[in-house]
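In: Structure for this input, please:
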Amino acid sequence: MTDAIGIAATGLTLHRKWLDAVSDNLANVNTVTATSGDAFRARYVLAEAGQGNSGVYVAGAAFGNAQGRMVYQPDHPLADAKGYVRYPDIDLASQMGQLIMAQRGYQANAAVVDRAKVMYEAGLQIGK
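Out: Numbering: from 1, shown residues only. Below you'll find the predicted structure:
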């Protein structure tokens, strides 16, 4: 039973970090920079399975393209001489899909911890 809690705990950590990355990406989807600078780089969490029954871990992070996408907005204060600004190359629909998957994964792992706790408490009651 403690293995189930431990494995679910690693899943909770992974999904929380995934939620953090997606929320950062969504918060910066409309961040504008001058063409002379780098665009906001989306962050993607890389997951790795542990050995045996040790769960899953964050192996690192991958980052999006610093070039972003050029948008013609001549009235923007950060526009260059040609009227362009730089936006991050973040797909809003993809990020929303990832947000839903990360939320569901977090909820599933939290349910495993909750059910294991209930089973542990029931086992303690049997011993009385």
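
In: Where does the prediction get shaky in this protein?
Out: Applying pLDDT under 70 to the chain flags residues 1-2.

In: How about the contacts made by the residue lying closest to W18 once chain neighbours are set aside?
Out: Excluding the flanking residues, the one nearest W18 by CB to CB, 6 or more residues apart in numbering is A102, at 4.2 Å. In short, each C-beta sits where N, CA and C put it, glycine included. Counting by CB atoms under 8 Å, 6 or more residues apart in numbering, A102 makes contact with H15, W18, L19, V22.

In: Of these, which is the nearest to Y84?
Out: Of all the contacts of A102, V22 has the smallest distance to Y84: 27.7 Å, by CB to CB.

In: which secondary structure elements does the helix or strand that closest one falls within contact?
Out: Using DSSP states H and E, V22 sits in helix 2-27. On a contact count with 3 or more CB pairs under 8 Å, 6 or more residues apart in numbering; DSSP states H and E, helix 2-27 meets strand 43-49, strand 56-63, helix 92-126.

In: Mind listing the strands the first one pairs with, and their directions?
Out: Think strand 43-49. strand 56-63 (antiparallel) (DSSP bridges).
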